[in-house]
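[1] Predicted structure and sequence below. I'll ask about it afterward.
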Amino acid sequence: MSKSLASFVLLAVLASPALAQTPTVSLLIDHGFPSSGTLNIKSTLADVATRKGQAFHFGSTYDTYDPDAAWTSSIFTTFFNHIVAENGCKWDATEPSRGTSSLTGCIGVQTFATSHSDTFRGHNLFWHSQTPSWLPGGISASDLVDNVIPQHVMQEVTGLGADVTSWDVVNEIVGDGVSNGMSALQCVQNKNSWPTKTSDGSSQNLVTDLSFVYAAFSNAFKYAGSSTRLAINDYNTGGNDAKTACVLAVLKDVQAETGIPWDRLAVGFQSHITAAPGQFTSKSALATTFANLATLGATAMITELDVKLSSATSANERYQAAIWGDYLDACLFASNCNEFINWDPRDDESWLGTSSAGTLFDSSGNPKPAAYEVAARLAYYAAGNPELCATAAGTGSCTINITGGSGGSGGSTTTAASVPASTPTGGSPPPAGCSTAKYGQCGGIGFSGCTTCASGSTCQVGNAYYSQCL
Ligand code: G3I
C-alpha cells in the first residue's frame, strides 16, 4: 500500500466517530462522590430547587404497561421526581376514533406520578407519527385545522387538568434538511410530511401555512393550567445549527400569531445523542441556546435525553457520564431550564435497544457511572458550588480538581478560592453577619453553619462535603 494511501486510510479511520478514540474524561465521582451502592437523591433534588428558586423536575418515562413494576416504583421514589408517558399520551392512544377521548393510559401515568409524589408532563398533543388509524385519512386542511386539532387538544388537555408542568404541543415538525435563514413556514414545509403534505402517497400539498401549529398552541393555551409551559419539541437541536434556528423561528412566529405570553412558551430539546465526538451538542452551545431563549422570556427543557454507546466499555460509560453531566449542568446553571427528562430509565427498556446502553441504569436496573455522576452534579450544584468546565471535552480541556476548585478552561485547574460554600440544606440559616475563623468549616453538602470567613481567609472547597476558611 502506498504511503499516501496508508495515510489516507489512517485519517479515514481516525475521522470515523465510531472508531475515534474515546476521550479520557474527568468526573465528579472521581472526587469523593458516591460511585457505587444505592442512590437516593430526592432530598438533593429539593436542595437543587432551593438554589434554583423553583422546582427542578428531573424525570424519566413511564407507561402503565411496565415490565419492571417494583423497580420502577422504587426508582420514581428515590431517584426521579418527574414523569412523562413514553407512549400513553400520544394521539393513537388518546383518540382511537374521531372525537372519542380515551385517556385511561395517559391519566394512569399522571396518577402514578402523583402516587409517587412526582410531577407530570404531557407528551404530546400533535405529531405526524403514532396517529390513530383514522388519521391522516382523507381529512381536509380546513377540517383538520378548524375541528380535528382543536377537538383533540381540548379533550386531552382538559382531561389531564392543570397539574401538568408542560405539554409538548407540537412534536418534530421541523425538517432535517433546513438551512439557515429559512422562514418558519419553510422550516416546517421542509419536513415534507403530513399535515403540510398528504400521506396517501400522492404527497400533495395539504395545509399550506402554519395554521395547524397555531391551532394546536392556541387551544393548548386556552385549556391548559395557567402555569403549564407549552413547548415545541424536536431532536438534533440545541446548538448553533439551522434546525435550532428554525425551531426558534417557529416559536417566534407562533408567539406573534397567537399572542401567547413568552413565559408560557418553551422549547423541548429531545437530545437523543451518541457518545462520540461531534455526535452531541457542546455544553457551551447549549448554554448559548438556552440564554437566547431566556432573552425572549421562554423556557428551555431537555426532554428525551439518552446517550447511545457503540459498546458498554468502562471508558465509554465514563464518557457517557461526562456528556450527561454537561447536559445537566447546562440546564442547572441556566436561569430558564427546570425540566430535565432522561428517556427510558434503564437499558433493557430503551427504544434504542439494550445493546445501545443509552440510559442511566443498566439492564438489571443498577446505576451506571452516568447515574452516579448525575447525582454528584446535582449535589455539587445544591451545595452552592460554581459551574464545572465541560467534562465531555476530555481532560485535554477540562480537569476537575475539587481540592483546588472546579476545572478551568485549560488542562490545568482553576483554584476557586472564592467558591461559594454550601447552600444550607436543612437546619436554620446561619446568623446574619456571622464570621468563621481561619481553618474553620465554611461549607459543604449538609453544612448549615456560617459560610463567611474572617478577614484574611477565604472559603475553599476541600471536597464536596467540607469547605474550610484558609
Ligand atoms: O403497544 C403495542 C403492542 O400492543 C404491540 O404488541 C407492539 C408490537 O407491535 O407494539 C406496541 O406499540 C409500540 C409502542 O412503542 C409501545 O411499546 C410501537 O410498536 C412502537 O413503535 C412504539 O415506539 C415508541 C416510538 O416513540 C414510536 O415512534 C417508543 O416506545 C418511544 O420511546 C418513542 O419515543 C419517541 C418520542 O415519542 C418522540 N421523540 C423520539 C422518541 C424516540 O423515537
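    Looks like it came in fine. Numbers count the residues shown, from 1 in each chain.

[2] Tell me how far stretch 351-369 lies from the chain's centre.
    Averaging C-alpha positions (CA atoms, centre = their mean, to the nearest Å) puts stretch 351-369 17 Å from its chain's average.

[3] now swap in stretch 443-460 and tell me
    Relative to the centre of its chain, stretch 443-460 is centred 32 Å away, using CA atoms, centre = their mean.

[4] Alpha carbons only: can I get that stretch in PDB?
    As requested, C-alpha coordinates have been extracted for stretch 443-460 and formatted as PDB (Å, rounded to 0.1, in the frame of the first residue of the first chain):
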ATOM      1  CA  GLY A 443     -19.400  25.000  53.600                       C
ATOM      2  CA  GLY A 444     -20.100  21.500  52.200                       C
ATOM      3  CA  ILE A 445     -23.100  19.400  51.500                       C
ATOM      4  CA  GLY A 446     -25.400  19.400  54.500                       C
ATOM      5  CA  PHE A 447     -23.500  22.300  56.200                       C
ATOM      6  CA  SER A 448     -25.800  24.900  57.600                       C
ATOM      7  CA  GLY A 449     -23.200  26.900  59.600                       C
ATOM      8  CA  CYS A 450     -21.600  30.300  58.800                       C
ATOM      9  CA  THR A 451     -20.300  30.500  55.300                       C
ATOM     10  CA  THR A 452     -18.500  33.800  55.700                       C
ATOM     11  CA  CYS A 453     -14.800  33.600  56.500                       C
ATOM     12  CA  ALA A 454     -13.000  36.000  58.800                       C
ATOM     13  CA  SER A 455     -10.900  38.700  57.000                       C
ATOM     14  CA  GLY A 456      -7.600  37.300  55.800                       C
ATOM     15  CA  SER A 457      -9.100  34.000  54.800                       C
ATOM     16  CA  THR A 458     -11.300  32.700  52.000                       C
ATOM     17  CA  CYS A 459     -13.700  29.700  51.800                       C
ATOM     18  CA  GLN A 460     -12.000  27.000  49.800                       C
END
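
[5] Can you give me the buried ones in that stretch?
    With burial defined by 16 or more other CB atoms under 10 Å, the residues of stretch 443-460 counted as buried are 443-447, 449-451, 453, 457-460. Yep, even glycine has a C-beta here, placed from its N, CA and C like the rest.

[6] Show me these that map onto helices.
    Judged by DSSP state H, the subset of those located in helices is empty.

[7] Closest to residue 140 out of the residues you listed?
    Using CB to CB, residue 445 is the member of the buried residues of stretch 443-460 that sits closest to residue 140, with 59.6 Å.

[8] Now stretch 61-81: average pLDDT?
    Over the span of stretch 61-81, the pLDDT mean works out to 96.

[9] Residues contacting it, please?
    Stretch 61-81 is contacted from outside by 38-42, 45, 56-60, 83-88, 105, 108-109, 112-113, 116-119, 341-346, 349, 361, 365, 371, using CB atoms under 8 Å, 6 or more residues apart in numbering.

[10] and the ligand, which of these reach it?
    Here is what survives when those are matched to the ligand using CB under 6 Å from any ligand atom: 86-87.

[11] Buried among the contacts of stretch 61-81? Make that a ChimeraX selection.
    Paste this into ChimeraX to select the buried members of these, with burial taken from 16+ other CB under 10 Å:
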select :39,41,42,45,56,57,58,59,60,83,84,85,86,87,88,105,108,109,112,113,116,118,119,341,342,343,344,345,346,349,361,365,371
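
[12] What parts of this structure come near the ligand?
    Within the chain, the positions lying close to the ligand (CB under 6 Å from any ligand atom) are 86-87, 129-130, 171, 270, 304, 351.

[13] so where's this structure shaky on pLDDT?
    In the prediction, the chain carries residues with pLDDT under 70 at positions 1-20, 403-432, 438-440, 445-446, 448, 461-466.

[14] the longest strand in it is where?
    Scanning the chain for the strand with the most residues, using DSSP state E, yields strand 299-308.

[15] Relative to that strand, what are the paired strands and their orientations?
    Sheet neighbours of strand 299-308, with direction, are listed as strand 265-269 (parallel), strand 272-274 (parallel), strand 337-342 (parallel) (DSSP bridges).

[16] right, so those strands: which one is the most enclosed?
    Across the strands paired with strand 299-308, the average number of neighbours (mean count of other CB atoms under 10 Å) peaks for strand 265-269, which reaches a mean of 28.

[17] For the ligand, give me its nearest residue in this structure.
    Shortest the chain-to-the ligand distance, computed as CB to the nearest ligand atom: residue-wise this is residue 351, at 3.5 Å.

[18] correct me, but that residue touches residue 343?
    Yes: assessed by CB atoms under 8 Å, residue 351 is found in contact with residue 343 at 7.4 Å.

[19] what is in contact with these two at once?
    Applying CB under 8 Å, 6+ apart, one finds that residue 351 and residue 343 are jointly contacted by residue 86.

[20] thinking again about what came up before, what are the phi and psi values at the residue of the chain closest to the ligand?
    Main-chain dihedrals, residue 351, degrees, to the nearest 10: phi -60, psi -20.

[21] now residue 254
    The phi and psi torsions at residue 254 (degrees, to the nearest 10) take the values phi -60, psi -40.

[22] ok now do it, which residues does it touch?
    210, 213-214, 217, 232, 260, 265.

[23] if we can go back for a sec, show the subsequent helix or strand relative to the longest strand of the chain.
    Counting by DSSP states H and E, the element after strand 299-308 in chain order, helix or strand, is helix 314-332.

[24] which residue is nearest the middle of the protein?
    residue 302 (2.0 Å; CA atoms, centre = their mean).

[25] Excluding sequence neighbours, find me the nearest residue to that one.
    The shortest distance from residue 302 to any non-neighbouring residue, by CB to CB, 6 or more residues apart in numbering, is to residue 340 (4.8 Å).

[26] so how far is residue 332 from that neighbour?
    8 Å (CB to CB, to the nearest Å).

[27] How about residue 200?
    Spatial separation of residue 200 from residue 332 under the definition CB to CB is 47 Å.

[28] Quick check on those two: which one has the bigger neighbour count.
    Remark: of residue 200 and residue 332, residue 332 carries more neighbours, 22 against 12, as counted by other CB atoms under 10 Å.

[29] burial measure for the residue lying closest to that one once chain neighbours are set aside, as a count.
    Closest residue in space to residue 332, ignoring its immediate chain neighbours: residue 381 at 4.7 Å, by CB to CB, 6+ apart. Residues near residue 381, counting by other CB under 10 Å, number 24.

[30] ok, and residue 381, which helix or strand is that part of?
    Residue 381 is part of helix 369-382 when elements are defined by DSSP H and E.

[31] tell me which residues in stretch 187-200 are buried?
    Judged by neighbour count using 16+ other CB under 10 Å, the buried positions of stretch 187-200 are 187-191, 193-199.

[32] Then stretch 25-38?
    By neighbour count with 16+ other CB under 10 Å, stretch 25-38 contains the buried residues 25-31, 33, 35.

[33] cool, and stretch 43-57?
    By neighbour count with 16+ other CB under 10 Å, stretch 43-57 contains the buried residues 44-45, 47-49, 51-52, 55-57.

[34] out of the residues you listed, which are inside helices?
    Per DSSP H, the subset of those in helices is 44-45, 47-49, 51-52.

[35] got those as TSV, with distance to residue 99 columns?
    What follows is those, written out as TSV (distance: CB to CB, whole Å):
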residue	distance to residue 99
44	45
45	40
47	46
48	43
49	40
51	46
52	41
